[in-house]
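>>> Give me a 3D structure for the following:
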Amino acid sequence: LHGGREPSLRRRHRPRRRRRSNMGYDMDFLKRRRTDRSRDDESRQRHESRQRRQRGVASVEMITVLPVLLLLLFGTIDFGLLFRDWMLLGHSARVAARTATMYHNPCNQGTIRALARADGMDALALADVEGDIEVAGPVCSRGLVTATARSDYQPAMLGAFVPSLNGIPLTAVVAMRGEF
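Reported below is the predicted structural model:
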């Protein structure tokens, strides 16, 4: 019987054959379309109210997330500006140390230190950074000359919101041997 298998208890589902007009259109679909207009209006209204609620949820989420994103953005900008100022301090200290090691004729320590400090301050002024430079060490010999540049960084963006960030001390130290 039946190849060793028991017959299925369920009847097979056969799709109902649809009537077609002479143009080939599905007539049942057109009938359903005409009678379901009221249901379509209700579903459209439900969909629109759901969209309105979603817009409200999106605005609440944005209000929640926006301050964190702005803090990250402004923090990144301020960190970039701080790093720029620190690099410029290093450059100005390098200029001052180079000036102090290059000039040796006449060997007047006060004049050479003042000249080296002035060159370093010019480099800071060109970069629009306020700070100070000190030159130490034996200037007119092969000794080690040290130039130290110091500045206080004032955050451009976050300083107004986080007052403890104002006046971050930056220091750059460069040491060079005298060339003779």
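
>>> If we ignore the residues flanking it in sequence, what's nearest Gln109?
Sequence neighbours aside, Val139 is the residue nearest to Gln109 in space, at 4.9 Å (criterion: C-beta to C-beta, 6 or more residues apart in numbering). The C-beta positions use only the backbone N, C-alpha and C, and glycine is treated the same way.

>>> actually Glu130, sorry about that
Leaving aside its sequence neighbours, Glu130 sits nearest to Ser151 (C-beta to C-beta, 6+ apart; 6.3 Å).

>>> and the one you found, how many neighbours does it have?
A total of 21 residues lie near Ser151 under the criterion other C-beta atoms under 10 Å.

>>> Got the phi and psi for it?
Main-chain dihedrals, Ser151, degrees, to the nearest 10: phi -160, psi 160.

>>> these two touch, right, it and Gly131?
Yes - with contact defined as C-beta atoms under 8 Å, Ser151 reaches Gly131; the gap is 3.2 Å.

>>> Common neighbours of the two, please.
Taking C-beta atoms under 8 Å, 6 or more residues apart in numbering as the contact rule, Ser151 and Gly131 both touch 89, 124, 170.

>>> Would you check that the last one makes contact with Leu88?
No - taking C-beta under 8 Å as the contact criterion, Leu170 and Leu88 are not neighbours in contact, 9.4 Å apart.

>>> report the longest helix in the protein, please.
If you go by DSSP state H, the chain has its longest helix at helix 37-102.

>>> What residues sit buried inside stretch 79-90?
Using 16 or more other C-beta atoms under 10 Å as the test for burial, stretch 79-90 gives 82, 85-86, 88-90.

>>> so how far is that stretch off the chain centroid?
Relative to the mean C-alpha coordinate of its chain, stretch 79-90 is positioned 17 Å out (C-alpha atoms, centre = their mean, to the nearest Å).

>>> What lies in contact with it?
123-124, 127, 129, 131, 149-151, 153, 155-156, 168, 170-172, 174.

>>> Filter these down to just the ones in strands.
Under the assignment DSSP state E, these contribute 149-151, 153, 168, 170-172, 174 to strands.

>>> ok, of these, which come out buried?
Using 16+ other C-beta under 10 Å as the burial test, those include 149, 151, 153, 168, 170, 172, 174 as buried.

>>> Quickly check these for the two that are furthest apart.
The largest separation in these, counting by C-beta to C-beta, is between Ile168 and Val174 at 20.4 Å.

>>> So the residue nearest to Gln109 belongs to a helix, correct?
No - secondary structure of Val139 (DSSP: H, G, I helix; E, B strand; the rest coil): coil, not part of a helix.

>>> per-residue confidence for it?
Reported pLDDT at Val139 in the predicted model: 76.

>>> quick check, nearest of the shared contacts of Ser151 and Gly131 to Pro67?
Nearest member of those to Pro67, counting by C-beta to C-beta, is Leu170, at 28.1 Å.
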